[in-house]
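> Predicted model and sequence follow; I will ask about them next.
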Amino acid sequence: MSSTAPSRSGLPARLWVLPALIGLGLLVAMWQPVELSVLLEWGRAASGQPLFLTAIVLAMVVLFAFGLPGSIGLWLIAPFQPPLIATGLLVTGSVLGALGAYAISRRMAGNWQPEGFSGRIVSLLEKRGGIMTQTALRILPGFPHSVINFAGGLLLLPLLAFTLSALIGLTVKWAVYASAVHGLADAVESGQAVQLSTIVPLLVLSALLLLGVWAKHRLAASPKA
């Protein structure tokens, strides 16, 4: 069947993304065209402006609503804001974007038929689209939020369950990410050793990544109805 081809051909390409980003980061770190401390100082100055933060949140809303990657907001907010504030801003942008995608996809019912791994996510939500399943998919890395968002409207999942699962799942996910990124940024800026408060979110993030990989392979290997 042709529907299995995208998942097989697309997986290696996705696996190259993280090593490529790490390699790019190491290259920039070694080259350092601009001192990292200077970049952090610029970021803190910009993130202290309410208009800047509002623009980032609005950009996240639009990007998530149209199924585009809006997680760039993490890197523009988390290094420079306390984790609690960063989590609130990121949750606001991503949940409002999810509701926008839900509204858009309701008008697309019957016109969007994803294949491959995305199709399996939609099939899973069609069978078990309760708040627990949606929340788990939100928390685990590797499950694209755009697919979950559009599947919600496409399958006419209850709006209340959709909203609560997005709020709970994204709060947990962004809290871990924001704490890890902010802790690393502080450690780099201060030049001090990484503290336990930074290591714990990284360990949680690593556990989520491993669990996400396991769940993704289980779903990919399961027979599609």
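Arrived safely, thanks for sending.

> Could you point out which residue ranges in the protein have low pLDDT?
1-41, 43, 109-118, 188-225 (pLDDT under 70).

> What segments of it are helices?
Using DSSP state H, the helices found in the chain span residues 5-15, 17-31, 36-47, 50-65, 72-77, 83-106, 116-127, 131-139, 145-154, 159-190, 196-221.

> ok, Gly67 touching Gly100?
No: counting by CB atoms under 8 Å, Gly67 stays clear of Gly100, with 10.0 Å between them. C-betas here are computed from N, CA, C, even on glycine.

> Between the two, which contacts overlap?
Here Gly67 and Gly100 have no joint contacts, going by CB atoms under 8 Å, 6 or more residues apart in numbering.

> Now do the phi/psi pair for Gly129.
phi -100, psi 30 (degrees, to the nearest 10).

> what's near enough to touch it?
Contacts of Gly129 by CB under 8 Å, 6+ apart are Leu155, Leu157, Ala161.

> roughly how far apart are it and Ser123?
To Ser123, Gly129 is 10 Å away according to CB to CB, to the nearest Å.

> what do you get for Pro158?
For Pro158, the distance to Ser123 - CB to CB - is 18 Å.

> higher neighbour count, those two?
When neighbours are counted by other CB atoms under 10 Å, Pro158 and Ser123 differ, and Ser123 comes out ahead with 18 against 12.

> follow-up on the earlier one: who wins on neighbours among the contacts of Gly129?
Neighbour-wise, the contacts of Gly129 (other CB under 10 Å) top out at Leu157, 20 neighbours.

> now it, nearest residue through space, not along the chain?
Gly129 (4.8 Å; CB to CB, 6 or more residues apart in numbering).

> how close does the one you found get to Ala187?
Counting by CB to CB, the gap from Gly129 to Ala187 is 41 Å.
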